[in-house]
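[1] sequence and predicted model, in that order:
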Amino acid sequence: NAGVMQNPRHLVRRRGQEARLRCSPMKGHSHVYWYRQLPEEGLKFMVYLQKENIIDESGMPKERFSAEFPKEGPSILRIQQVVRGDSAAYFCASSPNRRNEQFFGPGTRLTVL
Amino acid sequence: AQTVTQSQPEMSVQEAETVTLSCTYDTSESDYYLFWYKQPPSRQMILVIRQEAYKQQNATENRFSVNFQKAAKSFSLKISDSQLGDAAMYFCAYSPSGGSNYKLTFGKGTLLTVNP
């Protein structure tokens, strides 16, 4: 059973460009969570999605950030008009139901030049 | 809001020795969950151990055990017989029970070095 997959592993963008981060949950998991890890910090919760629904986006910046988890395909975290402060590692986790035993992917390291 | 504090930015231990990593947290809840995650250089987050606050017995997973002191809001991780593969960043995390039990709050981490 493959684990949580994230791609790309590394992403470099220039200021003002868009970043699209993908997360494929573990097989049988319909709940996805996104976390952001700034340098020398712990992970911070951003958003919780269940298939086709955003359940909790309380940790997501109000502007430029959006997330989706369509019926088919991976979950996408989209950052528009990236700024240097968006440089971080973005982790996706999944679970089979609404719970805290989450399985993490390897993360996407976003660097904004 | 809940907070998790790891007061040791870095720790080191000799191979085969025992090391304890500290974690304190702040919450007004009576029921919640606590976790230790390991993040090796590959950056993959791996769950090491999980404790439910209503359980008085300390959780144990092989060489990893916790000392959970609910009144003191302390949750330390003990690694026995340390191995080179234990070298990693260790994060303590908290989640509430109930409707928001998916929302993990992490500390800033402790970097553990294992010396041969």
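    Received, thanks. Numbering: from 1, shown residues only, chains lettered A, B, ... in the order given.

[2] where does pLDDT dip in chain B?
    By pLDDT under 70, the weakly predicted segments of chain B are B:1.

[3] what does it have sitting close to chain A?
    Within chain B, the positions near chain A by C-beta under 8 Å from any C-beta of the partner chain are B:4, B:33, B:35, B:37, B:42-47, B:50, B:91, B:93, B:95, B:100-109. In this view, the C-beta of every residue, glycine as well, is placed from N, C-alpha and C.

[4] among the residues you listed, which ones are buried?
    Buried residues within these, counting neighbours by 16 or more other C-beta atoms under 10 Å in any protein chain shown: B:4, B:33, B:35, B:37, B:43-45, B:47, B:50, B:91, B:93, B:95, B:101-107, B:109.

[5] which residues does the closest residue to B:Gln6 other than its chain neighbours contact?
    Spatially, and ignoring its direct neighbours in sequence, B:Gln6 is nearest to B:Gly107 (3.9 Å; C-beta to C-beta, 6 or more residues apart in numbering or on different chains). B:Gly107 sits next to A:Gly42, B:Val4, B:Thr5, B:Gln6, B:Cys23, B:Phe91, B:Cys92, B:Ala93 when contact means C-beta atoms under 8 Å, 6 or more residues apart in numbering or on different chains.

[6] ok, the fourth one touching B:Lys108?
    Read it as B:Gln6. Yes - between B:Gln6 and B:Lys108 there is a contact under C-beta atoms under 8 Å: 5.7 Å.

[7] any idea how many residues pack against B:Pro40?
    By the measure other C-beta atoms under 10 Å in any protein chain shown, the count of residues near B:Pro40 is 13.

[8] okay, it and chain A: tell me how far apart.
    B:Pro40 is 11 Å from chain A, where distance means C-beta to the nearest C-beta, to the nearest Å.

[9] contacting residues around that residue?
    Contacts of B:Pro40 by C-beta under 8 Å, 6+ apart are B:Ile46, B:Gly85, B:Ala87, B:Ala88, B:Met89.

[10] what is the neighbour count of the residue nearest to B:Ser42 when sequence neighbours are not counted?
    Distance criterion C-beta to C-beta, 6+ apart; nearest residue to B:Ser42, sequence neighbours excluded, is A:Pro106 at 6.7 Å. By the measure other C-beta under 10 Å, the count of residues near A:Pro106 is 18.

[11] over to A:Pro106. Which of the three states is it?
    Following DSSP: H, G, I helix; E, B strand; the rest coil, the label given to A:Pro106 is coil.
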